[in-house]
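Chemist: Structure of the sequence below:
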Amino acid sequence: MNLQQTGDRKKAGFTLIELMVVIVILGILAGLIVPRLTDKPDKARVVKTKMQIENLAMAVKQFKLNNGFFPSTEQGLKALAEKPGVGQTPRNYPENGYISQIPDDPWGNEYVYIYPGEHEEFDLFSLGADGEQGGDGFNADIGNWNLN
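Modeler: Next up is the predicted model:
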């Protein structure tokens, strides 16, 4: 009886080498998969930023169609949510504005609006993940002139 119990114990467990092989395989898989998954949230933020810029740019263009001029840099994007009290007064401003509120970019920074623009009639852009002008990769600026 004692011999039979010893044989069962050997069949029931894993050897140290088997465990190490499994750990190495899991490490290799994690090394291949994790880098691909870690940039997904930043890619999603870039897509969301581009969509928000397109929506804001359409609202700015609608403002111009209704009033004959673009909001000034001083009035900024705020002119889309509430009637400007500074600068040129819009004559055909809708009661509820053009949008309900100005969103921050997905990194929590305010969008930058400049009129007249350097790249387009007006420039509307996010400073990217780092919140500073310029940069590469996810830190790069995303503007209405480079949405593609």
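
Chemist: And the residue nearest the centre of this structure?
Modeler: Arg45 (2.0 Å; CA atoms, centre = their mean).

Chemist: wait, isn't that one in contact with Pro106?
Modeler: Yes: with contact defined as CB atoms under 8 Å, Arg45 counts as touching Pro106 (3.8 Å). All C-beta spots, glycine's among them, are computed from the backbone N, C-alpha and C.

Chemist: re earlier: would you mind measuring from the residue nearest to the centre of the chain to Asn109?
Modeler: 11 Å (CB to CB, to the nearest Å).

Chemist: got it, and Val86?
Modeler: 23 Å.

Chemist: Likewise for Ile25?
Modeler: Distance from Ile25 to Asn109, by CB to CB: 42 Å.

Chemist: So for those two, which sits in the more crowded spot?
Modeler: Legend: neighbour count by other CB atoms under 10 Å for Ile25 and Asn109, higher for Asn109 (16 against 10).

Chemist: Who's the closest spatial neighbour of the more buried one, skipping the chain neighbours?
Modeler: Once flanking residues are discounted, Asn109 sits nearest to Gly131: 4.8 Å by CB to CB, 6 or more residues apart in numbering.

Chemist: Okay then, goodbye and thanks.
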